[in-house]
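Trainee: Turn this into a model:
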Amino acid sequence: MALYSEPGEQVLLELRARDSWNQRDYDTAHRLADDAIALALDLDDVNAWWNMMFLKAECLRNLGLVSESARVAHELENHVLTVESAALTARVSTILSLALQGSGDLSGALTAARHAAAAVRKTPDQQESHIQAQYTLIAALADSDQLDEAWVECLTLAALLQGNPSSQISGKSYWAIGNVAFLLDQPEEGTKYHRLAAENLSPTNDLELWAKFNRASAEIRLAAGVVQPETLECIDRAELAVSIVGGSERDRIELALTRAHWLVLTGQFDAAAERLKFVISKDKLLATHTAAEAHLLLGRALKAKRDDPEAAVQNLETSEHLFSQAGAPSRAGSARELIEDIEPTRS
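Mentor: Sure thing, here's the model as predicted:
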């Protein structure tokens, strides 16, 4: 039941919801958005309903409730306001792609990202929406192992940045371009773009985003085998930032996975295995491809320890299955190669 009944109170409720969002109090923003949605239905205010539904989807994603965010985005996707507007279609498809990517549906995420990129090309005056759709498409392509196409899209994104968007938008864009460079085994290019991202993303403006960037930057460097001191500094910065802002449980688990990855690559296999077993115990909170990564790393750690080849193979087989399920065949192949390397040594 709506808590208010007058149009003026609707506006006040929306303002309170957005104020909570701006303060990064996503729980309160989500609750107020729900109240505003109910009131908008009572008042038959379609525009207010759409805006608060979109805010709800954003809150849910930031709270780590990505499946719920995707459900709200799907509802908006089919709404008449969205269907009739290329700009709104781009916004909804972008957040839908991010939510599906977070839940491990890489195929769905890529489809939504392509839809967003196609829609935003019809609105050339919407520069920031174009950039957001572009870096979302790049992320979906990269996670789906389509790296050559992702790099082509990176060049398009780099050209868009010549229009001097906001620092935060630029930071996220350089972050996405750097990720692809690392995945293409171009660590110098990757480091260059991630340094540009760090210059544009300020811990003062958004400490939570700063934490996510540093964790992601560390993870992509580790995936490329880069274990220089700068990588460890990224992990340390992310852990410090999360200790201050709190973050969702999913954020903390993903950060534990990144630290474990560092431990595996630096030969600290016992410590890595302990952390990875904790991460895997919370796998219901993770995207499918992230859970697959945890099993892959545990398989690698156990393989290196050489004291339990059966457990190593079991984790690698789980990783292969999850990567295949998520739509990441190249990474599934990496797990299979490790299994084939172990099997001749099993008794």
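
Trainee: pLDDT below threshold where in this protein?
Mentor: Along the chain, segments meeting pLDDT under 70 span 1-7, 344-347.

Trainee: contacting residues for the residue nearest the centre of it?
Mentor: What sits nearest the mean C-alpha location of the chain, by CA atoms, centre = their mean, is residue 102, with 5.4 Å. With contact taken as CB atoms under 8 Å, 6 or more residues apart in numbering, residue 102 is in contact with 61, 64, 66, 69, 287. For every residue, glycine as well, the C-beta is placed using N, CA and C.

Trainee: any idea how far residue 307 is from it?
Mentor: Note on residue 102: its distance to residue 307, by CB to CB, to the nearest Å, is 35 Å.

Trainee: same check, this time on residue 122
Mentor: For residue 122 relative to residue 307 (CB to CB), the value is 59 Å.

Trainee: Counting neighbours around each, name which of the two comes out higher.
Mentor: residue 122 (12 against 9; other CB atoms under 10 Å).

Trainee: How many residues are close by the residue lying closest to the more buried one once chain neighbours are set aside?
Mentor: Nearest in space to residue 122, with sequence neighbours left out and distances taken as CB to CB, 6 or more residues apart in numbering, is residue 86 at 4.0 Å. Neighbour count of residue 86, defined by other CB under 10 Å: 17.

Trainee: With residue 83 instead?
Mentor: 12.

Trainee: Name the surrounding residues that touch stretch 274-285.
Mentor: 64, 249-250, 253, 256-257, 259-260, 263, 286, 291, 294-295, 297-298, 301.

Trainee: then that stretch to PDB, C-alphas only?
Mentor: Provided in PDB are the C-alpha atoms of stretch 274-285 (Å, rounded to 0.1, in the frame of the first residue of the first chain):
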ATOM      1  CA  GLU A 274      42.000 -22.000   2.600                       C
ATOM      2  CA  ARG A 275      40.600 -18.700   1.100                       C
ATOM      3  CA  LEU A 276      39.200 -20.400  -2.000                       C
ATOM      4  CA  LYS A 277      37.300 -23.000   0.100                       C
ATOM      5  CA  PHE A 278      35.600 -20.100   1.900                       C
ATOM      6  CA  VAL A 279      34.800 -18.400  -1.400                       C
ATOM      7  CA  ILE A 280      33.300 -21.600  -2.900                       C
ATOM      8  CA  SER A 281      31.200 -22.100   0.300                       C
ATOM      9  CA  LYS A 282      29.500 -18.800  -0.700                       C
ATOM     10  CA  ASP A 283      29.200 -19.500  -4.400                       C
ATOM     11  CA  LYS A 284      25.400 -18.900  -4.500                       C
ATOM     12  CA  LEU A 285      26.300 -15.200  -4.100                       C
END
